[in-house]
Structure formats: structure tokens, C-alpha cells
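# Quick check, what structure comes out for this input:
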Amino acid sequence: VIGACNTLRDRALVFLLVDSGLRSSEALALNWEDIELASGLVRVKRGKGGKARSVVVGVKSRRALLKYRRTVNRDLHDPVLQTYQGTRLKYAGLRMALDRIGLRSEIKIGAHMLRRTFATLSLRAGINPLHLQALMGHSSLEMTRRYIRLVDDDLLQAHRQHGPVDKFLS
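Here you go, the predicted structure:
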């Protein structure tokens, strides 16, 4: 999917969504002042239910955002995700950008699918489920659990590491 991003904006968009777990509305509402590019801390002012929270993006995502930022309006109050005319990207524009990337990559993608990808990859990387819950802005672990799709390989690996018979009985 990253290879199918043919603009700096598309690349920054995909990195931002996959690395942060932001909802589409949260990503679209971001201004440059909401992102600390030095640390990767991203402040969501009004998430679902009007709740504020912080998420984090890593080094590769920050690099993509910095490269993109050099090409757009970048005052603190300017939107992060902009149209080619410099205005705030709306949901329809986000959807069209992701559809174009999906066509080029031959993988159907959407903002919500990228949010699920964030959850699954974070869990595979060993994140604490409570931290994942906070990053995703969920009020319960049950909601976080719904986002995580474990594939057969994940289950096999977990059992290899923690299977009670192989671990404790000889």
C-alpha cells in the first residue's frame, strides 16, 4: 500500500492512519499545532464523544509528515490533511484518496481498515492491551477486542510460546 502512494500527502496519510489508529474524523480535524513532530505526540482535541486524548506516531511517520509539510500550508492553525488547493480535506476527499491508493495497490483499503490494522499490528508487536485501549480512545477493553483480528499464525505462535502441555509437562 505504501508503494502505491504516489504523492507525499498520500504517503503521510497512510502512515498517519496506520501508525496512530486515529478515526478518520480525528485525522481530518488535526492542525499542525496538534502534532509534536519532535516527539511524535499527537493531540486529539475532540475524539468520539468529545473526549480528548493523545496518540503517538513513530519516526517513519514523522518523516513522511515532515516531507509532506514542506509542500503545503504549514502555519500552526493550518490543517494537516489538505486538498491540493490548501483547504481542509473532507471525508469524501479522504475516501477518494484511499480508493486511488487501493486501486494502484490492488488492495481495497479504507480509513477504518487502517485503524484495525493499527490495532492488530500493535498487538502483534506486544503492546499492552490497556495502552492500546487508551490509544484507540475506547472506553472498554471489550471494544478494543472487537478491533483485533487474530490470524491463525498469531494463534499458532501464541500457543508455541505459552501452550501448557509443551511448556510444563514432559
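# ranges for the helices of this protein?
Ranges of helices in the chain, per DSSP state H, are 8-20, 24-29, 59-69, 91-105, 111-124, 129-136, 141-147, 152-162, 164-168.
# and the first one, what other elements does it pack with?
By that I understand helix 8-20. On a contact count with 3 or more CB pairs under 8 Å, 6 or more residues apart in numbering; DSSP states H and E, helix 8-20 meets helix 24-29, strand 53-56, helix 59-69, helix 91-105, helix 111-124. Where C-beta positions appear, they are placed from N, C-alpha and C, glycine not excepted.
# what mean pLDDT would you report for that helix?
Across helix 8-20, pLDDT averages out at 97.
# From the rest of the structure, what touches it?
With contact meaning CB atoms under 8 Å, 6 or more residues apart in numbering, helix 8-20 is reached by 1-2, 5, 22, 24, 27, 42, 55-58, 60-61, 64-65, 67-68, 71-72, 80-82, 94, 97-98, 100-101, 111, 114-115, 117-118, 121, 135.
# Kindly report the same for stretch 163-170.
By CB under 8 Å, 6+ apart, the residues outside stretch 163-170 that reach it are residue 160.
# switch to 6 Å and redo it
Applying CB atoms under 6 Å, 6 or more residues apart in numbering, stretch 163-170 has no contact partners.
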